[in-house]
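A.B. asks: Build me a model from this:
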Amino acid sequence: MERRVIWAIILMMGIAIAPTFFLEPPKKPAPASARPSARGERDSGSVAPSDSAAAAPSSELAAASPAQGLEASRSPVDSVVVSSPLYRYVLSTRGAALVQASLLNYRTLGPDGRGDPVRLVQDGDRLHQLALTAGRDTVQLADWDFQASASVVDVKGPESVTFTASRGGVSVEVSYRFEPGDYQIGVQGRVSGMGPAGGHLLIDMGDGMRQTEADSAGNWYEYGIVAKTTESDLTKFSEFDAGETMTLAGPFEWAAVKSKYFVAALLAIDSGSAQVSGVVATAAPDQKSITRVATTFGMPVDGGGLFGYRLYVGPMEYPRLRAIGHDFYDINPYGWPGFRTMIRPIAVAARWLLVWMHEHLHMAYGMVLVAFGIMIRILLWPLNQKGMRASIRMQALQPEMQRLQDQYKNDPQRMQQEVMQLYRREGVNPMSGCWPVLLPWPILLALFFVLANTIELRGQPFLWLPDLSLKDPLYIIPVLMGVSMFGVSKVGMMGMPPTPQTKMMLYIMPVMMTVLFVNFASGLNLYYFVQNVVSIPQQWYLAKERLKARPPEPPAPVKKSKK
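C.D. replies: Residues are numbered from 1 along each chain as shown. Sure, this is the predicted structure:
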């Protein structure tokens, strides 16, 4: 029974993490290209309207994404630099768009600008570029020259900068509001001169984020679009075909474009504000591995020409995401849909404890994982002790169970009744030996997601390991994990009768687990290695008990010599 449980757990691990083995790393980053026109839409319908206005059709939404060729201007382009201890944003007077977003507390780990503050916006790209539709008319603001209320904003308290422009009887005002300790940006705007019926705001969110990670393939794989649904599923860029357009029909409280650790999101969560009516995303046709997808969000504008929402342009720090509310933390999920509800409480608790130990005990994250592994094994020690002793009692009942099986081999129902009576008479629970095997696995699974998704562990080195969130480039720690697993099994099987099953567990399982874990985060392998080493003394102690409890073997018959 225990063997079946162990195989079931391994199968569950395989199902949960198998997608990581099927990543197809792109050979090289595809350059940002001109936004293609909408075609091949997966959802051919219109973007769902919100309560306040009818949404623009998906084809119009895609086609109205700001085009390239922004250099065709009639006046010089100025920049507005907004700085705080957390970020440095740069807005352009051409289109009133965000053209740079640097996060000062995070460093680039990839080869392009390694060690510099993380920059999220692609070179030459723009984030939060606006266009307006009313009836059949579309006004692109990408080539409008705005007047800014300031050129430098030092954010020490709430600060705002306002952009104004007019052309052909249409006037636009866009105001950005910043806080010094928050990555959220308040956006308020007014449009006049487009008629009394209201319209639709098209918000171009660029075509993906700048590459910032040492593991570029893993980062590309996490690029995608998330909108608030039941479990806020991620539509990955890798799911697109070249030139394909996808439409996500709203309304949504929030929608976002994300990489592995960073996100640019539109939050329509304030009371009374209109919601995101839909998302249209188009992959450029000249990509072999899809890493660039032009994404546009739609939002209705009321009859007075007013609109308002918030942007979040920054890291996926779990406390910040959770503080925003509206399930915004789902943008960085611990687990996949369906599996997420079960694993999230353990993952959130594990993440909190790891970060707390690092910040308050001033321990490197590698030492935190070592201490965490020791602590978990100590906490589970009494339960392991009880379960392993139950296994010893079960082993002592094997001769009697074998007798009952032989006696009632032709009456399975009677045999089951007799076996259950034997359990009750001897006070043995056949399931008690399974719990010590089962309980460490939810924690191990939770750590898999924590180490893969938690930004605090990004780029954290330990000993020869350059990054605990990535695999060991020398493959030392997964091999040590496999060897330690062999040691645990070898000691734990002392006193057990040798069978094909025990030999399989002893030799095959460590090899299988080493192969399974070889490309996982080195921090996960470190934790599992520590768990195994710390459990060896308990295994040895209980093996000695098993040897004492084992009945003496009958003496071998004495052969009589022939006279």
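A.B. asks: Check the offset of stretch 164-173 from the chain's centre.
C.D. replies: Distance, stretch centre to chain centre, for stretch 164-173: 42 Å (Cα atoms, centre = their mean, to the nearest Å).
A.B. asks: for it, what is the average pLDDT?
C.D. replies: Averaging pLDDT along stretch 164-173 yields 89.
A.B. asks: Report the buried residues of that stretch.
C.D. replies: If you call a residue buried by 16 or more other Cβ atoms under 10 Å, then stretch 164-173 has these buried ones: 165, 170, 172-173. Where C-beta positions appear, they are placed from N, C-alpha and C, glycine not excepted.
A.B. asks: Now tell me what touches that stretch from outside.
C.D. replies: Stretch 164-173 is contacted from outside by 96, 130, 132, 139, 141, 144-147, 162-163, 174, 189-194, using Cβ atoms under 8 Å, 6 or more residues apart in numbering.
A.B. asks: Give me the phi and psi for the closest residue to G308 other than its chain neighbours.
C.D. replies: Of all residues not flanking G308 in the chain, Q188 sits nearest, at 4.7 Å (Cβ to Cβ, 6 or more residues apart in numbering). The phi and psi values for Q188, taken as degrees, to the nearest 10, are phi -130, psi 140.
A.B. asks: Tell me the confidence at the residue nearest to D137 when sequence neighbours are not counted?
C.D. replies: Leaving aside its sequence neighbours, D137 sits nearest to M194 (Cβ to Cβ, 6+ apart; 7.0 Å). M194 is assigned a pLDDT of 72 by the prediction.
A.B. asks: Isn't M194 up against T138?
C.D. replies: No - under the criterion of Cβ atoms under 8 Å, M194 makes no contact with T138, lying 10.3 Å away.
A.B. asks: So which of these two has more stuff around it?
C.D. replies: The residue with more neighbours, out of M194 and T138, is M194; 20 against 17, by other Cβ atoms under 10 Å.
A.B. asks: which ones are touching the more buried one?
C.D. replies: 132, 134, 137, 139, 170, 305.
A.B. asks: just those residues now: which is nearest W464?
C.D. replies: For the contacts of M194, the residue nearest W464 by Cβ to Cβ is L132; the value is 55.6 Å.
A.B. asks: So for that closest one, what's the nearest residue that isn't a sequence neighbour?
C.D. replies: Closest to L132 by Cβ to Cβ, 6+ apart is V139, at 4.5 Å.
A.B. asks: Contacts made by stretch 519-526 with the rest, please.
C.D. replies: Contacts for stretch 519-526 (Cβ under 8 Å, 6+ apart): 17, 20-21, 365-366, 369-370, 373, 444, 447-448, 451-452, 457, 460, 462, 465, 467-472, 477-478, 480-481, 517.
A.B. asks: Weed out the non-buried ones from the residues you listed.
C.D. replies: 17, 365-366, 369-370, 373, 444, 447-448, 451-452, 457, 460, 462, 465, 467-472, 477-478, 480-481, 517.
A.B. asks: Just the buried positions in stretch 137-153, please.
C.D. replies: 138-146, 148, 153.
A.B. asks: I'd like the distance between the residue nearest to G308 and V428.
C.D. replies: 70 Å (Cβ to Cβ, to the nearest Å).
A.B. asks: hmm, back to that, how about the residue nearest to L132, secondary structure?
C.D. replies: With DSSP: H, G, I helix; E, B strand; the rest coil as the basis, V139 sits in strand.
A.B. asks: Hmm, it is touching A131, no?
C.D. replies: Yes - at 6.5 Å, V139 counts as touching A131 under the criterion of Cβ under 8 Å.
A.B. asks: And the helices in this structure?
C.D. replies: Counting by DSSP state H, the chain has helices at residues 2-17, 58-63, 216-222, 318-324, 340-360, 365-379, 381-396, 398-407, 412-426, 435-438, 440-453, 476-492, 500-517, 522-549.
A.B. asks: Tell me the predicted confidence for the closest residue to E456 other than its chain neighbours.
C.D. replies: In space, and not counting its chain neighbours, E456 is closest to V355: 5.3 Å by Cβ to Cβ, 6+ apart. Looking at V355, its pLDDT stands at 93.
A.B. asks: V355: neighbouring residues, count only.
C.D. replies: 19.
A.B. asks: what does the one 4 residues further on give?
C.D. replies: Other residues near E359 number 11, with proximity taken as other Cβ under 10 Å.
A.B. asks: again with E253
C.D. replies: Neighbours of E253 under the rule other Cβ under 10 Å: 19.
A.B. asks: cool, and R414?
C.D. replies: R414: 12 neighbours (other Cβ under 10 Å).
A.B. asks: That one against M420, yeah?
C.D. replies: No - look at R414 against M420 with Cβ under 8 Å: they stay out of range, at 10.9 Å.
A.B. asks: Quick check: the farthest pair among the contacts of M194?
C.D. replies: Among the contacts of M194, the pair separated by the greatest distance (Cβ to Cβ) is D137 and G305, at 13.6 Å.
A.B. asks: The contacts of M194 into CSV, with extra columns for distance to M505?
C.D. replies: Converted to CSV, the contacts of M194 look like this (distance: Cβ to Cβ, whole Å):
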residue, distance to M505
L132, 67
A134, 70
D137, 72
V139, 69
V170, 74
G305, 71
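A.B. asks: How about residues contacting stretch 452-472?
C.D. replies: 106-107, 109, 213-215, 218, 260-261, 315-318, 332-334, 351, 354-355, 358, 364-367, 369, 450-451, 473-474, 476-478, 518-523, 525-526.
A.B. asks: Apply 7 Å and report the result again.
C.D. replies: 109, 214-215, 261, 315-317, 332, 334, 351, 355, 364-366, 451, 473-474, 476-478, 519-523, 525 (Cβ atoms under 7 Å, 6 or more residues apart in numbering).
A.B. asks: mind checking how far E317 is from F146?
C.D. replies: Distance, E317 to F146, by Cβ to Cβ: 32 Å.
A.B. asks: What of D123?
C.D. replies: D123 is 22 Å from F146, by Cβ to Cβ.
A.B. asks: again with F517
C.D. replies: Distance from F517 to F146, by Cβ to Cβ: 54 Å.
A.B. asks: what do you get for M504?
C.D. replies: As for M504, its distance to F146 is 71 Å (criterion: Cβ to Cβ).
A.B. asks: Could you spell out which stretches of the protein belong to which domain?
C.D. replies: Per automatic domain parsing, the domain ranges recorded for the chain read 2-16+343-549, 54-67+78-332.
A.B. asks: Need the per-residue pLDDT for P300.
C.D. replies: For P300, the predicted pLDDT is 88.
A.B. asks: same question but for A32, I mixed them up
C.D. replies: The model reports A32 with a pLDDT of 38.
A.B. asks: Let me see the contact set for the closest residue to L98 other than its chain neighbours.
C.D. replies: Nearest residue to L98 in three dimensions, chain neighbours excluded: L127, at 4.3 Å (Cβ to Cβ, 6+ apart). If you count contacts by Cβ under 7 Å, 6+ apart, L127 has them with 97-98, 101, 121, 205-206, 264.
A.B. asks: out of the residues you listed, who has the most neighbours?
C.D. replies: Using other Cβ under 10 Å as the neighbour test, the contacts of L127 are led by M205, with 29 neighbours.
A.B. asks: From what I see, it and V293 are in contact.
C.D. replies: No - using Cβ atoms under 7 Å, M205 is not in contact with V293; the gap is 10.0 Å.
A.B. asks: From what I see, the residue nearest to L132 and L130 are in contact.
C.D. replies: No - if you go by Cβ under 7 Å, V139 and L130 don't touch, sitting 9.2 Å apart.
A.B. asks: before we move on, back to that, of the contacts of M194, which is the nearest to M509?
C.D. replies: M509 has its nearest neighbour among those in L132, at 62.3 Å by Cβ to Cβ.
A.B. asks: check contacts around the closest one.
C.D. replies: 139, 191, 194, 199, 201.
A.B. asks: Relative to P180, how far out is the nearest residue to V90 once chain neighbours are set aside?
C.D. replies: In space, and not counting its chain neighbours, V90 is closest to Q100: 3.7 Å by Cβ to Cβ, 6+ apart. Counting by Cβ to Cβ, the gap from Q100 to P180 is 18 Å.
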